[in-house]
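> Following is a predicted model, sequence given first.
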Amino acid sequence: MFKSIRWKFILVYFLLVFIAMVIVMAFIIRKFEDHHLNQATRTMEARVRNLVNMSNNITKNDDWNLVKEEIQTDVKQLPVYATEIIYIIDNSSIASIIASNSSNTKIIGQSAFNLSQIQAELVIDAKKYGEKREGYSSIDNGASRAKHLAYPILSDNGNVKGIIYLTSDMTDMYNTLEESKAILIKATVLALVITVLIGFLIARSITEPINDVTKKAERMAKGDFNQVVEVKSDDEIGQLASMFNYLTLKLKSTLAEVNKEKSKLDTIITHMADGVMAVSLNGEIIHANPVALDMLKIEPEELSEIRYDEIFDESNKRITLARIASEEKWRGNEIIEIDSKVYNAEYAPLIDENFNIGGMIIVFQDITKQQKLENMRKEFVANVSHELKTPITTIKSYTETLMDGAIEDRDISMSFLSVIDSECDRMARIVRDLLQLSDLDYKQTKWNKKSININELLKNIYLKIKIAAEEKNQKIELSIEENTGEIIADKDGVEQVILNIITNAIKYTPNNGAIEIGASSDNDKATITVRDNGIGIPKEDISRIFERFYRVDKARSREMGGTGLGLSIAKQIIEAHNGEIRINSEYNVGTTVDIILPLK
Ligand code: ADP
């Protein structure tokens, strides 16, 4: 309870007021008492002076015992105060009472020492020192109190003649004093209660809005930002409340903005094509997007258990944290290979709020395709160079032989020139095929698409190619459906493809083999099939047969005038017609090529 400012405030306030009131009260009571007691002393002294002025017997006579009746008469003449008794005491050693206004006449002649202890003490002291002595007595536990005054009267030679002793009953005064004290205490307590009550109300008016702000701030800290405090005044507390409301609104909008940005970033990171990973300084994986998890074969629930460096095997240790941490800048990239895929791993330091390195961020970019393309490009350049180098070397050596003198022999010259001619043709074919491929690559081939009757097209081709087959004594057959239908295509292009496929069948089928050209249609597709019972293609080569310059048996292909580009061109042309080429082949058994094209 005393944690609250309100209660602390009230407690301190109460204590201060209490202490102040007790001090003030004690001071007032003390002053009050002093005043009354001094008043009593002054009254008693006035009485003594009164008696002395009035009684010549007391002043003129040095031996009071000679005039004690007269003194008694003088004393009796004094006005009677019910509360006061006067004793006239001689200077004898037993201090006899020689006169008194007391109603008790028996005390006359008695020793003053017998009356009470305080009386005896005061009388002795007054006599001894010749000076007045005062004192107080209290009996019955303070129910009856009195003030005593022993007043010595001196003779002309300075000796004490006797003592005028006054006892004044102060019980009433003390009772009045006690009553006043009680009233004062009651008033103080009442004032205290009132001030505490006022203090409480004031404290409440201050602390209540602060409490409200505190409670709402607490709720805000727990994530509930829909907190509004009531602004009840225009003072500092009211300003605090309206500032709090402003802060809430600002915080809400800032948080919404931050959340929006965060979710944007999360979405980007989650859906990006590259793998992203954040790693702490001690190797914990702080974040990994789905691509990174998939790439590194990590289940999301395993993330907390796995250390980043454990993921990579010996061949990829270049991107471990231990290795990168040895660099000064923690920045760079490495090419790594995981499961026959190639990645460019780009890493950079994670900088914390104190501008220190707090970890590492690494982005894995799958560059398998680019790498493959790059390799293909290199391979292609090498292939082209190689393909052109062979005929050039041949031409060069034949030309040199001719220049060295072989030209003199007409027959040799002719045979050499014919070789040179055929090598030139070969180069021309390669260049022609490459140019065509380049046109196809850059989509620069102009297609003259028209409606073509498949049966007619095949019959034409058959007539053109028949001779070449017959030269090899091969049986070539055209077995087509009555009406295969029509396609919309570039006649030259499609004819080039079919001719290439049939030429291949003739080329790669030994003498006396059989070749069958078929055509069929099915719904919206026409299939042209060229089947041979030739040398076939080994299984492992079938998938690569459409690659540029790829040949199963390079020497044989070259020997037969092949460039190794025919099938790649064929594939490109058919694909440009939204068709498809499929090759089925069995080594040493035969090959079947299907050209599938959409019907008109
Ligand atoms: P090439 O000019 O060498 O014939 P292609 O691109 O037309 O080039 O064919 C590529 C390779 O495919 C050929 O070198 C050959 O090894 C193989 N090939 C093509 N057709 C057949 C077939 N009908 N029978 C066996 N092998 C074939």
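Nice, thanks for sending it over.

> for the stretch 451-600 of the chain, what spans make up the strands?
Taking DSSP state E, counting those that start in this stretch as the test, the strands found in the stretch 451-600 of the chain are 475-480, 486-490, 514-522, 525-532, 580-586, 590-598.

> Could you do the stretch 201-350 of the chain as well?
Counting by DSSP E, counting those that start in this stretch, the stretch 201-350 of the chain has strands at residues 275-280, 285-288, 332-338, 341-351.

> Which one, of those, ends up nearest to the ligand?
For the strands of the stretch 201-350 of the chain, proximity to the ligand was assessed by C-beta to the nearest ligand atom; strand 341-351 is nearest, at 28.0 Å. Glycine gets a C-beta too; all of them are placed from N, C-alpha and C.

> packing partners for the helix or strand immediately after that closest one in the chain?
For strand 341-351, the following helix or strand on the C-terminal side (DSSP states H and E) is strand 357-366. Packed against strand 357-366 by the contact rule (3 or more C-beta pairs under 8 Å, 6 or more residues apart in numbering; DSSP states H and E) you find strand 275-280, helix 290-295, strand 341-351.

> Tell me where the stretch 451-600 of the chain is predicted with low confidence.
Regions of the stretch 451-600 of the chain meeting the criterion pLDDT under 70 are absent.

> and the gap between the residue of the chain positioned farthest from its centre and the ligand?
Within the chain, the residue lying farthest from the chain centre (C-alpha atoms, centre = their mean) is Leu66, at 112.8 Å. According to C-beta to the nearest ligand atom, to the nearest Å, Leu66 and the ligand sit 175 Å apart.

> What score does that residue have for pLDDT?
Looking at Leu66, its pLDDT reads 89.

> does Ala150 belong to a helix or a strand, and which?
For Ala150, the enclosing helix or strand under DSSP H and E is strand 144-154.

> For that strand, which outside residues touch it?
Contacting residues not belonging to strand 144-154 are listed as 37, 40-41, 44-45, 48, 52, 58-59, 118-119, 122-123, 125-127, 130-139, 160-171, 174 [C-beta atoms under 8 Å, 6 or more residues apart in numbering].

> could you point out which element follows that strand?
Later in the chain than strand 144-154, the nearest helix or strand by DSSP H and E is strand 160-169.

> Buried residues of the lowest-mean-pLDDT helix or strand in the chain, list them for me.
Every helix and strand of the chain was ranked by mean pLDDT, DSSP states H and E. The lowest is helix 554-559, at a mean of 80. Buried residues in helix 554-559, counted by 16 or more other C-beta atoms under 10 Å: 557-558.

> Determine the number of other residues adjacent to the closest residue to Ile237 other than its chain neighbours.
Nearest non-adjacent residue to Ile237, counting by C-beta to C-beta, 6 or more residues apart in numbering: Pro209, 4.7 Å away. Applying other C-beta atoms under 10 Å, we find 22 residues neighbouring Pro209.

> what's the answer for the one 4 residues further on, then?
For Val213, the tally of surrounding residues (other C-beta under 10 Å) stands at 18.

> shouldn't it be in contact with Val231?
No. At 10.7 Å, Val213 does not count as touching Val231 under the criterion of C-beta atoms under 8 Å.

> Could you pull out the residues contacting both of these two?
What both Val213 and Val231 touch, as defined by C-beta under 8 Å, 6+ apart, is the set Ala241.

> mind checking how far Gly579 is from Ala526?
To Ala526, Gly579 is 9 Å away according to C-beta to C-beta, to the nearest Å.

> what touches both of these two?
Common neighbours of Gly579 and Ala526, using C-beta under 8 Å, 6+ apart, are 596-598.

> ranking the residues you listed by neighbours, who comes first?
Result: Leu597 is most packed of the shared contacts of Gly579 and Ala526 (other C-beta under 10 Å), 24 neighbours.

> Does that one touch Ile574 like I think?
Yes. Between Leu597 and Ile574 there is a contact at 7.0 Å, judged by C-beta under 8 Å.

> residues bridging contact with those two, i.e. touching both?
Listed contacts common to Leu597 and Ile574 are Val494; contacts here mean C-beta under 8 Å, 6+ apart.

> that older thread, can you tell me which of the strands of the stretch 451-600 of the chain comes nearest to the ligand?
Of all the strands of the stretch 451-600 of the chain, strand 590-598 sits nearest to the ligand, with 3.9 Å by C-beta to the nearest ligand atom.

> can that closest one be found next to the ligand?
Yes. Judged by C-beta under 6 Å from any ligand atom, strand 590-598 and the ligand are in contact via Thr591.

> i'd like the first residue to be 30 from this point on
All set: I'll call the first residue 30, so the last point we hit is now strand 619-627.

> Show me what that strand is packed up against.
So strand 619-627, by 3+ C-beta pairs under 8 Å, 6+ apart, packs with strand 515-519, helix 520-536, strand 554-561, strand 609-615.

> Repeat the analysis, applying 10 Å as the threshold.
Packing partners of strand 619-627 (3 or more C-beta pairs under 10 Å, 6 or more residues apart in numbering; DSSP states H and E): strand 515-519, helix 520-536, strand 543-551, strand 554-561, helix 595-605, strand 609-615.

> Pipe these into TSV and attach distance to Ala232 and mean neighbour count per row.
Output for those, formatted as TSV (distance: least, C-beta to C-beta, whole Å; neighbours: other C-beta atoms under 10 Å):
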stretch	distance to Ala232	mean neighbour count
strand 515-519	95	20
helix 520-536	98	21
strand 543-551	96	18
strand 554-561	93	22
helix 595-605	88	20
strand 609-615	90	16
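
> Could you export the ones you listed as CSV, including distance to the ligand?
Below are the helices and strands packed on strand 619-627 laid out as CSV (distance: least, C-beta to the nearest ligand atom, whole Å):
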stretch, distance to the ligand
strand 515-519, 19
helix 520-536, 3
strand 543-551, 9
strand 554-561, 5
helix 595-605, 3
strand 609-615, 6
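
> out of those, nearest to Val51?
helix 595-605 (108.5 Å; C-beta to C-beta).

> Can you check what angle separates that closest one from strand 619-627?
Here helix 595-605 points in a direction 20 degrees away from that of strand 619-627 (axes from the mean of the first three to the mean of the last three C-alpha atoms, to 10 degrees).

> Dump helix 595-605 to PDB, restricted to CA.
Listed next in PDB are the C-alpha coordinates belonging to helix 595-605 (Å, rounded to 0.1, in the frame of the first residue of the first chain):
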ATOM      1  CA  GLY A 595      20.800 -31.100 -87.600                       C
ATOM      2  CA  LEU A 596      18.700 -32.400 -84.700                       C
ATOM      3  CA  SER A 597      19.200 -29.100 -82.700                       C
ATOM      4  CA  ILE A 598      17.900 -27.100 -85.700                       C
ATOM      5  CA  ALA A 599      15.000 -29.600 -86.100                       C
ATOM      6  CA  LYS A 600      14.000 -29.300 -82.500                       C
ATOM      7  CA  GLN A 601      14.000 -25.500 -82.700                       C
ATOM      8  CA  ILE A 602      12.000 -25.400 -85.900                       C
ATOM      9  CA  ILE A 603       9.400 -27.800 -84.500                       C
ATOM     10  CA  GLU A 604       9.100 -26.000 -81.200                       C
ATOM     11  CA  ALA A 605       8.600 -22.700 -83.200                       C
END
